[in-house]
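**Student:** below are the sequence and a predicted model; questions follow.
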Amino acid sequence: MAIAQSSDTFVTVAVWTGAIALALTLLLSIQIILLRLSLRRRERREARVLARWRPLLNQAIVGEHPSLPALEPGERLPFLRLWVHLQGSLRGEATEALNSMARALGADRLARAMLARGPRQERLLAVLVLGHLRDREAWPQLLPLAELSDSALSLTALWALVRVDPDAAAEYLTPLFIEREDWALSHVAGILQQAAAPTAAVLGRVLPNLPGERLPRALRIAEALRVPLPGPVLAGALRGSAVPVVIAGLRSVITPETIEDVRALLAHADWQVRVQAARALGRIGAREDAERLRALLADPQWWVRYRAAQALRELPALSRADLEQLRDSLTDRFAADMLQQVLAEEEVA
């Protein structure tokens, strides 16, 4: 009897388990179908929006002034996404025509409202819109976003701030860029490119007071932007004792103002410093530096010899005939081979 009751219990549990699993499967299937239907409706709605607004946007791009209908609530996000896409592929008068059209439709007010209370994706879209519009009223809303841990949102906000006011943005953002090691230097340089001159001024002012651990990143920012730093500031970095700072300083050398410091570093104990010193001398050196670089062709480190040979090739005062004559005069086989390799690379290029 007990065995029969136990068997009935197991059968009942199995039946209910199967029924629940079947019900959940049906519910999941229904949910998938509803999601697909919703996606198709949204795609059809966006297609209608694009079909309505793309011709008007194209007319604005070519300089016409179309009569604009009201931007309906359901059209706002698709329209803004299309508008941002077009802004990213245009330059000059066409972008200003799109800006005028967006302001006439109230896109600036809409974007500021989205920035205040929208979900993350809408806030990202709003930041892009406000950056392209160079909307000064959005400045107080964009500033807090620049310090968020969300890298995508914060970097987009930084880009928008530079678009709105390059001078004010450089003053505010440059110290922030130096602090935030989590921001890729390539992104930082791309954002600051539009504010290179004010950024150089800020860097020249803050560099002398930066702690040693922050100096290399600040100097790398200057290098990425190709902005000249004040001579005394750069000389201080080149005469420092910390190898990372010296290397970063050498990478930032683009004018001959600190050439004596660069020449002195050709004999540095650290081979990485000698590498960067040779590269810097190739950028700013004179004919008289050929002998200094020739001596480096005998360096025990391969990279030092290679960069010295490249620097000799880059010296503006030396012709190819001069380099071939120098190669033939070398008694060190490794030095001659290295200079020959660099000359061969030039032929291939």
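**Tutor:** Everything's here; your move. Numbers count the residues shown, from 1 in each chain.
**Student:** give me the below-cutoff pLDDT ranges for this structure.
**Tutor:** Confidence mapping of the chain against pLDDT under 70 gives the ranges 1-8, 34, 37-39, 41-43, 348-349.
**Student:** centre-most residue in the protein?
**Tutor:** Note on the chain: the residue nearest the mean C-alpha position is His187, at 1.4 Å, using CA atoms, centre = their mean.
**Student:** so what's it closest to, chain neighbours aside?
**Tutor:** Closest residue to His187 apart from its sequence neighbours, by CB to CB, 6 or more residues apart in numbering: Leu155 at 5.5 Å. (C-beta placed from N, C-alpha, C; glycine too.)
**Student:** any idea how far the one you found lies from Leu192?
**Tutor:** 11 Å (CB to CB, to the nearest Å).
**Student:** which one of those two has more residues nearby?
**Tutor:** Leu192 (27 against 21; other CB atoms under 10 Å).
**Student:** surely that one meets Thr199?
**Tutor:** Yes - with contacts counted by CB atoms under 8 Å, Leu192 reaches Thr199, the gap being 5.0 Å.
**Student:** hmm, back to that, distance between whichever strand or helix holds the residue nearest to His187 and the chain's centre?
**Tutor:** With secondary structure defined by DSSP states H and E, Leu155 is part of helix 151-164. Centroid separation for helix 151-164 versus its chain: 11 Å, with CA atoms, centre = their mean, to the nearest Å.
**Student:** show me what the helix or strand following that helix is packed up against.
**Tutor:** Downstream of helix 151-164, the first helix or strand assigned by DSSP H and E is helix 166-179. Packed against helix 166-179 by the contact rule (3 or more CB pairs under 8 Å, 6 or more residues apart in numbering; DSSP states H and E) you find helix 151-164, helix 185-192, helix 196-206, helix 215-225.
**Student:** re earlier: next, the angle from the helix holding Leu155 to helix 196-206.
**Tutor:** 110 degrees (axes from the mean of the first three to the mean of the last three CA atoms, to 10 degrees).
**Student:** which helices and strands sit right next to helix 151-164?
**Tutor:** Counting contacts by 3+ CB pairs under 8 Å, 6+ apart, helix 151-164 packs against helix 120-133, helix 139-145, helix 166-179, helix 185-192.
**Student:** next, the buried residues of it.
**Tutor:** Buried residues in helix 151-164, defined by neighbour count with 16 or more other CB atoms under 10 Å: Leu153, Ser154, Leu155, Thr156, Ala157, Leu158, Trp159, Ala160, Leu161, Val162, Arg163, Val164.
**Student:** pull the residues that contact that helix.
**Tutor:** 120, 123-124, 127-128, 130-132, 134-136, 138-139, 142-143, 145-148, 168-170, 172-173, 176-177, 182-183, 187, 191-192, 194-195 (CB atoms under 8 Å, 6 or more residues apart in numbering).
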